[in-house]
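> quick one: sequence plus predicted model below, questions after.
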Amino acid sequence: MTKFDLNQHTFSLLRSEPFFAALSRRITKMPTTAIPTAGVCINKETAQFEMIYNPEFMGSLSSSHLQGVLMHEFYHIIYEHVTGRLPPEGMNMMWNVATDLAINSHIADKLPKEACVPGVGRFEQYESGLSAEQYYAQLKDDEQFQPQDGDSDGGEGQPDSLDDHSGWGDADQETKAMAKERLRQAVEDAAKEASGKGSWGSVSSEMRKKIMDMINPKVDWRKVLRYFIKTSQRSNKRSTVRRINKRFPYIHAGKKVSRHAKIAISIDQSGSVSDKMLAAFFAELGSLAKYAEFTVIPFDTEVFDKHVYVWKKGQRKTWDRVLAGGTCFDAPTKYVNEKGFDGHIILTDMCAPKPVPSKCQRMWMTDVDGKNAQYFTTNERVIVIDHRE
């Protein structure tokens, strides 16, 4: 068998692909004869994604095709084909092919002739650039995938997938979740490295957006806010004879507990924050007011005390720009620290240095551009607001 060590070739193969080169360094690659070609899976012991490959198969490919196969496997991981995106019927050949068609639309010129490519050969009638789910729906009506006599998963002549998908979906949910979080961090690090070099290689702008969406997954910020307020609540206790003391009934008075959260929401009104973003922030605040009362603190390089106000629960207000200077996160943080709030949310484009520590729990809200252009790293929660919601 050909002695082929993929690790010795990876750097030269991906020299022109900075993003994939950076991601590749974070993915373990293991040779095996258990599969005929190559594939990706989760190592159940380490909860890490791995690429496995048959050295004989990989050694038979040209440099260009080797590069294409590497990129193909990494795209399977990025698109979560390995962990969560399976059809209701479970794993089957049509889903194998559908995922390959979705990926190969973008790297067709780098793949060997065995690859399933939209618009080519047996897939000549298929449009390029669709999702795996869209291809899967079309494949269900494709004659070459209709079951033959004695065959429950399609005809004997149906196309084979270029790579091996047999390890998909095997891990338990906890292992998958750990692997996905580690992958998200690996993709984020690779994206930052590629952006720092000023090139993502052949990754298109459309594909880059999908990758960034994977790094910054949409969350239900309303649920996050409710949890934030709940964990910011403090209790005021007072004695009352109307409530029975559970520990010492009729001996000591009971306690009446009232819970409330004193929440500050600082709004970045610096010149770098557009009117569109400000309008979006205020629209979100209108929704937040359904859940709690909060104090609105406009700031740029300083807090504008004159325009600080309490937004009472259920109120509606219109947005207004009252400042337009630079940005300093120290100003609202010190203000909140001095006033004794329980929680602090900062709506901003993240374009300023890291502020002084907060005495209460602090959370950041921004848009996708703000998250991608974040000036500093933080262990505090950064929530991305989608203006298109």
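That came through fine.

> CA only for contacts and neighbour counts going forward, please
Noted.

> show me the shaky parts of this protein.
Where the chain drops to pLDDT under 70, the residues are 1-2, 84, 147-161, 167-170, 216-223, 225, 230-231, 233-260, 386-389.

> how is the protein divided into domains?
Following the assignment in automatic domain parsing, the chain carries domains at 6-215, 221-384.

> residue contacts, residue 349?
Contact analysis of residue 349 by C-alpha atoms under 8 Å, 6 or more residues apart in numbering lists 268, 272, 273, 366, 367, 369, 370, 371, 374.

> element containing residue 291?
Per DSSP states H and E: residue 291 is located in neither a helix nor a strand.

> find the nearest non-adjacent residue to it, please.
Nearest non-adjacent residue to residue 291, counting by C-alpha to C-alpha, 6 or more residues apart in numbering: residue 313, 6.8 Å away.

> that neighbour is in contact with residue 285, isn't it?
No. In this structure, residue 313 is not within contact of residue 285 by C-alpha atoms under 8 Å, at 10.6 Å.

> what about the two, which has more around it?
residue 285 (20 against 15; other C-alpha atoms under 10 Å).

> any idea how far that one is from residue 322?
17 Å (C-alpha to C-alpha, to the nearest Å).

> and residue 263, its phi and psi?
Note on residue 263: backbone dihedrals following degrees, to the nearest 10 are phi -100, psi 130.

> tell me the contacts of it?
So residue 263 contacts 229, 232, 293, 294, 295, 341, 342, 343, 344, 345 (C-alpha under 8 Å, 6+ apart).

> isn't the second one up against residue 361?
Think residue 232. Yes. Counting by C-alpha under 8 Å, residue 232 touches residue 361, with 7.3 Å between them.

> and the strands in this structure?
For the chain, strands defined by DSSP state E occupy the ranges 28-31, 38-43, 48-53, 234-244, 253-260, 263-268, 294-299, 309-311, 343-347, 361-366, 381-384.

> so which elements touch the second one?
Okay, so that is strand 38-43. Counting by 3 or more C-alpha pairs under 8 Å, 6 or more residues apart in numbering; DSSP states H and E, the packing neighbours recorded for strand 38-43 are strand 48-53, helix 63-78.

> relative to helix 63-78, how tilted is that strand?
For strand 38-43 against helix 63-78, the angle by axes from the mean of the first three to the mean of the last three C-alpha atoms, to 10 degrees is 30 degrees.
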